[in-house]
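[1] Pasting a predicted model and its sequence here:
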Amino acid sequence: MASNIGELLLLFTFLSILVSSVSYYYEAVLGFENKVPILEPIDNRYADSVVRCAMSCGSGCKCFNFNHHTGMCISYHSCHAFNMTVNELGWQLYYRPPLNTLDSLQFYRSCLNENYIYYEENVAKNLYCFIKSSTNSTNAKEKCHSFRSHLLEINTEAEQIWINDKVSGGGWWMGGVPVTDENGVNWIWENSSTQMNFSNWDLYQPNNFGEECVIMSGSGRWSDISCTYAFNIICEMRYK
């Protein structure tokens, strides 16, 4: 009898550790209950618990959906484009957030909780929130600051190419500002206070006609422009 109790206690302890591991490594995405992303899954299987479902989220898996009514478990390579969902009772989305800082977790939650589009870049692991809501530059900066992030700063051609695949139509605020010295007007990144070692200016840009902000077009080209105009927002958090 004592042996059986000991075995039950051992099993209970093991299950508690598994549940704690799921809670630590995976976060339920609030606001996406009863929804399934329209994405190509890695795997689609039955699991008798969310723990079993999490254990099946292996190499290359960034998130999974578990249906608490049916036990179905779906895992995915990618977790963006949550605005394209199918309503279906019982589903809960779980995501493995970046573990570098608590700020990154807040950035992720803030972006998705307001139904914006979240991306994690695969190489540098920088985090991005695409906000299709036109506003002026000041408001755009304040929105990013509320996420503990900053307006987009592109530092490499690879990052530019990656961003190009995510934007279409309209303009998007960036974090560039002009500074004037004996050599004339130079453009730097405001948040990091660094030179633009990489740039992707459009033809005849920047024209430096008193325009003190930067936008990126849907084609990925940059232009200087008045800060009072209204454009979409890309907030960025650099991997730390």
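    It's in.
[2] Touching, residue 146 and residue 113? I think so.
    No. Using CB atoms under 8 Å, residue 146 is not in contact with residue 113; the gap is 11.8 Å. For glycine as for every other residue, the C-beta is placed from the backbone atoms N, C-alpha and C.
[3] Just the buried positions in the longest strand that the chain contains, please.
    In the chain, taking DSSP state E as the definition, the longest strand is strand 127-135. Residues 127, 128, 129, 130, 131, 135 are the ones in strand 127-135 that count as buried (16 or more other CB atoms under 10 Å).
[4] Ok, stretch 144-161 next?
    Within stretch 144-161, the residues scored as buried using 16+ other CB under 10 Å are 144, 147, 149, 150, 151, 152, 153, 154, 155, 159, 160.
[5] for it, the distance to its chain's centre please.
    Centre-to-centre, stretch 144-161 and its host chain are 11 Å apart (CA atoms, centre = their mean, to the nearest Å).
[6] which stretches of this structure form helices?
    Assigned by DSSP state H, the helices in the chain fall at 2-25, 50-55, 102-113, 137-146, 157-164.
[7] Can I get the buried residues of strand 127-135 in JSON lines including distance to residue 214 and pLDDT?
    Formatted as JSON lines, the buried residues of strand 127-135 follow (distance: CB to CB, whole Å; pLDDT from 0 to 100):
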{"residue": "127", "distance to residue 214": "20", "pLDDT": "87"}
{"residue": "128", "distance to residue 214": "16", "pLDDT": "92"}
{"residue": "129", "distance to residue 214": "18", "pLDDT": "92"}
{"residue": "130", "distance to residue 214": "17", "pLDDT": "93"}
{"residue": "131", "distance to residue 214": "16", "pLDDT": "93"}
{"residue": "135", "distance to residue 214": "15", "pLDDT": "96"}
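[8] Could you single out the nearest of the residues you listed to residue 200?
    residue 128 (16.4 Å; CB to CB).
[9] residues near the nearest residue to that closest one once chain neighbours are set aside, how many?
    In space, and not counting its chain neighbours, residue 128 is closest to residue 119: 4.6 Å by CB to CB, 6 or more residues apart in numbering. Per other CB atoms under 10 Å, the neighbour tally for residue 119 reads 21.
[10] begin at 2 from here
    From this message on, residue numbering opens at 2, which makes the last subject residue 120.
[11] Contact partners for residue 120?
    Counting by CB atoms under 8 Å, 6 or more residues apart in numbering, residue 120 touches 81, 128, 129, 130, 131, 167.
[12] Since that was my last question, I'll sign off now.
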